[in-house]
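> what shape does this take:
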Amino acid sequence: MIRDTVEFCLSIIAFSLLLGGGALAADEFENASVIFEQNATDGDAEVVINATAGDEGLAKLKIVSPDGRALIDFTAPSSNLGIRHFALESPEPDDDGSLRKDYPEGKYAFFGTTVSGGKLVGEAMLSHRFPKPASILVPKPAQRNVPVNGLKIEWSPTKGMAEIVVVVEQEETGAEVKARLPGSATMFSVPDGFLRSATEYKVAVGTVAQDGNASYVEAPFKTAGSSTTKDNVENYPAFDVHVFNRSTTIDNVWFPLQPGKQFVFNGTTVDEEGDIEAHSIVFTVTDVTKVIDGVRTRVCWERDFIDGELEEAEIVFFAQADDGAVWHFGQYPEEYSDGKVVVSPGWLHGVNGHAGIHMPANPRLGDPDFAQGWAPTVPWTDKAVVHEVGRKVKVPTGAYDDVLVIDEYNLEEADSHQLKYYAKSVGLIKVGWLGHDETQEVLELVEIRNLNADSMAKARDAVLKLEKSARKRLGDIFGTSEPIVGP
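Okay, the predicted model is just below:
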């Protein structure tokens with residue numbers, strides 16, 4: 001360490017003499033920095049060096065590392081203007097071990113000579129610590145059918161960051177939108193008109209630490225085609241407000257929603273690291289309602305627990321049409337981390353989405369797939385199809401015959417399927433999976449409760465609290481909607 005320090009000091013003295021003497025006055029560089037950047041998605045890293053002179057260009061630039069090596073030694077002997085700004089990047093090795101060796105931690109010295117002979121000096125500290133990367137929540141990686149207007153990039157919050165950098169780019173054309181935001185930011189609205197239909201894009205979100213080091217994550221996505229195409233028209237069913245005359249009386253035999261009923265499910269799921277976690281869901285049919293685009297809907301309250309901790313809570317809006325089909329009119333979920341809301345991707349029919357059919361009146365094997373809603377900015381592009389009928393299923397609440405199995409999937413993960421098992425006059429009794437479902441969620445109905453007046457009042461309060469949060473967090477969606485009302 002002493003030898004390195006001595007070599008570093010000697011290099012500074014030697015270069016000072018090279019510039020014309022040890023006692024000459026020198027100005028400072030306008031900017032001098034050495035930082036590490038990593039792509040946490042790909043696992044590679046690079047060093048980025050910046051040096052900016054003042055109004056006058058540089059004829060010479062030398063940068064000396066903490067161990068005394070001259071990393072950059074630039075001369076422009078025939079230039080009358082010189083170079084004002086240098087931006088240099090190293091190769092990007094998969095393993096940053098070689099990068100750390102070539103660029104050790106510590107103080108880097110910058111020396112410059114302007115075209116008129118003026119002297120510049122500067123220094124920069126380099127750390128090998130990378131900040132914690134964010135997680136991109138919207139759009140999901142490889143998401144398809146992303147709308148060209150109204151797209152809001154969302155990511156998980158990170159603490160103690162100096163700033164957040166968001167880049168949306170189209171690699172073939174070079175078109176790019178870049179934003180530098182406060183370190184507490186968790187959302188960025190892509191300017192309408194930038195995205196083109198049916199086009200591949202990539203979004204990158206970078207967390208920048210106080211020392212300048214940065215960690216980026218990336219997610220590719222593709223925008224939807226023209227909204228007039230046949231495929232997009234078929235993404236949701238035709239809606240008629242006049243066919244919901246008893247909309248909150250939901251007595252569909254496969255999905256009855258009687259106020260005061262509460263359903264408890266237990267099972268497992270797999271986290272992002274591949275570990276199996278205990279998973280529970282509590283689904284409550286409340287006695288409150290909400291009018292959405294002229295239709296009064298029944299409000300249901302769902303809570304999602306992982307290893308006993310509340311991970312998500314949401315309010316969901318259902319209504320039954322005169323033919324017996326149960327429609328889904330939207331939802332407001334809140335996902336939590338350490339007890340704080342990290343994302344709330346809600347939607348409402350007629351505002352930023354279109355209602356879909358949650359359960360047909362007479363589901364039959366061989367019927368076409370049906371859309372359960374359409375809100376691609378969330379994204380919510382769920383579809384379903386009858387997978388099996390007449391199944392016998394046993395769960396903790398009993399043994400059921402003639403069970404209906406519905407296969408649910410979405411357009412972003414078309415090869416990931418969730419199987420939902422429905423028993424007559426009960427509703428959902430079991431959840432399974434098929435294909436490449438990374439969560440591998442498995443649930444069984446373990447208890448059906450009939451809530452008393454006190455429990456119903458608590459459910460009502462919880463729903464109203466969530467709606468208040470929705471109006472605050474998603475004011476452009478829920479702010480002008482009709483309020484939830486009591487029985």
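
> helices or strands up against the one helix or strand residue 290 maps to?
Secondary structure from DSSP states H and E places residue 290 in strand 276-292. When contacts are defined as 3 or more CB pairs under 8 Å, 6 or more residues apart in numbering; DSSP states H and E, strand 276-292 packs onto strand 261-270, strand 295-306, strand 309-320, strand 442-450, helix 453-473. To be clear about C-beta, it is placed using only N, CA and C from the backbone, and glycine gets the same treatment.

> of all those, which lies closest to residue 88?
For residue 88, the closest of the helices and strands packed on strand 276-292 is helix 453-473, at 42.2 Å, according to CB to CB.

> just to revisit the earlier point, can I get the helices and strands packed on strand 276-292 in TSV with mean pLDDT?
Listed next are the helices and strands packed on strand 276-292 as TSV, based on pLDDT from 0 to 100:
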stretch	mean pLDDT
strand 261-270	96
strand 295-306	97
strand 309-320	97
strand 442-450	97
helix 453-473	96
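
> how about these in JSON lines, adding distance to residue 143 and mean neighbour count?
Listed next are the helices and strands packed on strand 276-292 as JSON lines, based on distance: least, CB to CB, whole Å; neighbours: other CB atoms under 10 Å:
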{"stretch": "strand 261-270", "distance to residue 143": "21", "mean neighbour count": "19"}
{"stretch": "strand 295-306", "distance to residue 143": "22", "mean neighbour count": "20"}
{"stretch": "strand 309-320", "distance to residue 143": "20", "mean neighbour count": "20"}
{"stretch": "strand 442-450", "distance to residue 143": "25", "mean neighbour count": "16"}
{"stretch": "helix 453-473", "distance to residue 143": "21", "mean neighbour count": "16"}
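
> between those, which one is nearest to residue 176?
Here helix 453-473 is closest among the helices and strands packed on strand 276-292 (CB to CB), at 28.7 Å.

> contacts for the closest one, please.
259-260, 262, 284, 286-288, 290, 299, 301, 313-315, 332, 334, 341, 344, 346, 451, 477-479, 483-484, 486 (CB atoms under 8 Å, 6 or more residues apart in numbering).

> hmm, 6 Å instead?
The contact list for helix 453-473 (CB atoms under 6 Å, 6 or more residues apart in numbering) reads 284, 286, 288, 299, 301, 315, 332, 344, 346, 478-479, 484.

> same deal with stretch 416-436?
Applying CB under 6 Å, 6+ apart, the contact partners of stretch 416-436 are 253-256, 393, 395, 400, 403-409, 415, 437, 440-445.

> change it to 8 Å
With CB under 8 Å, 6+ apart as the criterion, stretch 416-436 contacts 253-257, 263, 265, 267, 283, 359, 387, 391, 393, 395, 397, 400, 402-410, 413, 415, 437-445, 448.

> lowest-scoring secondary structure element of this protein by mean pLDDT?
helix 230-233 (a mean of 40; mean pLDDT, DSSP states H and E).

> can you pull out the strands in the stretch 301-450 of the chain?
Under the criterion DSSP state E, counting those that start in this stretch, the stretch 301-450 of the chain contains strands at 309-320, 326-337, 340-343, 347-348, 354-359, 370-371, 373-374, 382-395, 398-410, 416-423, 427-435, 442-450.

> now for the last one, which elements pack on it?
Right, strand 442-450. Against strand 442-450 (3+ CB pairs under 8 Å, 6+ apart) you get strand 261-270, strand 276-292, strand 382-395, strand 427-435.

> turn those strands into CSV, including distance to residue 166.
Output for the helices and strands packed on strand 442-450, formatted as CSV (distance: least, CB to CB, whole Å):
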stretch, distance to residue 166
strand 261-270, 30
strand 276-292, 31
strand 382-395, 28
strand 427-435, 32
